[in-house]
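Visitor: Fold the following and give me the result.
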Amino acid sequence: MNNIINNIKVKRNISPFALVLISFLVVIALGSLLLVTPWANSDGLWKWDSYIDCLFTATSATCVTGLCTLVNGIGVDLTLFGQIVVLICIQIGGLGFITIFTFIITLFRKKLKFKDKYALTQAVGASSISQLRRFVMHIIIISAICEFIGTGLYFPAFWTISNGSFVKCLWLSVFHAVSMFNNAGFDLLGSTSFVSGVGTIASMPTWAYNYLLAITMVLIVFGGLSFVAIIDIVSKRKIRLWSAFTKIVLTMTVSLILLGFLVFLVTERWIKSDNPMSVIDCLFQSVTLRTAGAASYNQNDLTLAGKIMSCALMFIGGSPLSTAGGMKTTTIFLTVLTITSFLKGKNVNAFKRRFSPNNAVKAMTIMFLGMLVLIVGIGVMSAVEIAAKGADNVDGVNLVFECFSAFGTVGVSAYGTPNIEFASKIVLCLMMFMGRLGPMTLIQIFESRIGQEDAKHFDYVEEDILVG
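Guide: Numbering: from 1, shown residues only. Now for the predicted structure:
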């Protein structure tokens, strides 16, 4: 079988980026087919008539998003087998394309081009393929440790709603530890997520509920930090030895959480009289929008200002080489730094490091492509929903919120995901897929020369044109 695969790769010259894409598609396809079976569904029926919902759930899990078209959520509509399928998809998706990429390199190590090996090692700061493999082992070990600790920490909270069942409590703890660390946002508590006073969580004592939110926030933050930054922090105990990348990741993570917390504190608590957020809800909202998707507050009750801030945080997302999605913290940092440096007439410098023009152009390209995907996605979904339901029955703000959530692989919803049209489900699936792999990864499948210089022996006369 390996010989057949190798021959295909040699003849067709399939790029490693294409193999990563194919790998994700295979996981999604297998997951959706397993979710169709009666063993995965609580009613014991085949679900071919609603295959789109199975495909949507598998895509959302593999892309670690959390949006769900099942009316009662996966905790009610899926059996234990179905929940395990979702959990496996989450784990594979959470490990990310670098892990899958490295597996492919190991599989095709004799056939991989030098430029592909170089591109991947540079992506994680490794000096060789062997060092890259060690890095992936560190990813797996870090994930396992965090998920194991998360399971233990969750146990006291879920014990209060397990009716004395050790097995049920253990499964709730394991599932949510994996889901939240991988920033997936799926839960087994019904269709109301972590919203207090409703659903399964209504019977949880106040101390257990607050404790649950605290542990969830810790797991989300750790999952949204870059594995590169975590390894750097652990291996280099002194702050001055940390790389500029690690410092940027930590600075942006803390800054965005505090900014979101303060904005929600003002817009959703201090100036809002009807169903205001609690202080812990404001903090949780700021943290979960870093592409996690668990919700302790009904997103439909957010003010317009709150939804705009939420969309901004969902668009930014977490950090590179983490379980999070979005445009990434470093992309936003470098884009803003480049603009401010240009306005001040200075080089692009930060943390005693100067960043190359190519690095800045890449960040701004990612931003542009991300916004382009959102504009197209919002436009298509709006057309579909309005055509099916009429303009008066479509909430434009909540629809935009849904698209930002899908592309940022977040998973919170104010529009009502189970109620969207068939074509809209396809649109959101594509947005989740593109959001998880990233625009640049998708483009590199078809264009391998991104960022390279032209190999020519002449150059054109430089000319400045009027802009702005």
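
Visitor: could you pull out the strands for this protein?
Guide: Taking DSSP state E as the criterion, the chain carries its strands at 349-350, 353-354.

Visitor: dump the residue contacts of residue 82.
Guide: By C-beta atoms under 8 Å, 6 or more residues apart in numbering, the residues touching residue 82 are 34, 35, 39, 40, 41, 74. In short, each C-beta sits where N, CA and C put it, glycine included.

Visitor: got it, and residue 309?
Guide: Taking C-beta under 8 Å, 6+ apart, we find residue 309 in contact with 260, 263, 264, 267.

Visitor: now with 10 Å?
Guide: Shown in contact with residue 309 (C-beta atoms under 10 Å, 6 or more residues apart in numbering): 259-260, 262-264, 266-268, 285-286, 289, 302-303.

Visitor: ok, so what distance separates it from residue 269?
Guide: 13 Å (C-beta to C-beta, to the nearest Å).

Visitor: cool, residue 194 as well?
Guide: Going from residue 194 to residue 269 by C-beta to C-beta gives 18 Å.

Visitor: what does residue 414 give?
Guide: Distance, residue 414 to residue 269, using C-beta to C-beta: 18 Å.

Visitor: Helices of the stretch 1-150 of the chain, residue ranges please.
Guide: Ranges of helices in the stretch 1-150 of the chain, per DSSP state H, counting those that start in this stretch, are 2-12, 16-36, 51-62, 74-77, 80-107, 114-124, 129-159.

Visitor: quick one, what contacts the spatially most central residue of the chain?
Guide: Centroid-nearest residue in the chain, with C-alpha atoms, centre = their mean: residue 325, separated by 2.9 Å. Contact analysis of residue 325 by C-beta under 10 Å, 6+ apart lists 63-65, 93, 96, 183, 224, 290-293, 314, 317-318, 406-411, 432, 435-438.

Visitor: What average pLDDT does the lengthiest helix in the chain get?
Guide: If you go by DSSP state H, the chain has its longest helix at helix 357-389. Helix 357-389 carries an average pLDDT of 91.

Visitor: ok, residue 194 and residue 269, which is more surrounded?
Guide: residue 194 (21 against 14; other C-beta atoms under 10 Å).

Visitor: Domain map for this protein?
Guide: Domain assignment for the chain, taken from automatic domain parsing, gives 16-123, 131-224.

Visitor: Adding distance to residue 252 and mean pLDDT, write the ones you listed out as TSV.
Guide: Shown next, in TSV, are these (distance: least, C-beta to C-beta, whole Å; pLDDT from 0 to 100):
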stretch	distance to residue 252	mean pLDDT
domain 16-123	19	82
domain 131-224	10	90
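
Visitor: between those domains, which one is nearest to residue 347?
Guide: Ranking those by proximity to residue 347 (C-beta to C-beta) places domain 16-123 first, at 22.0 Å.
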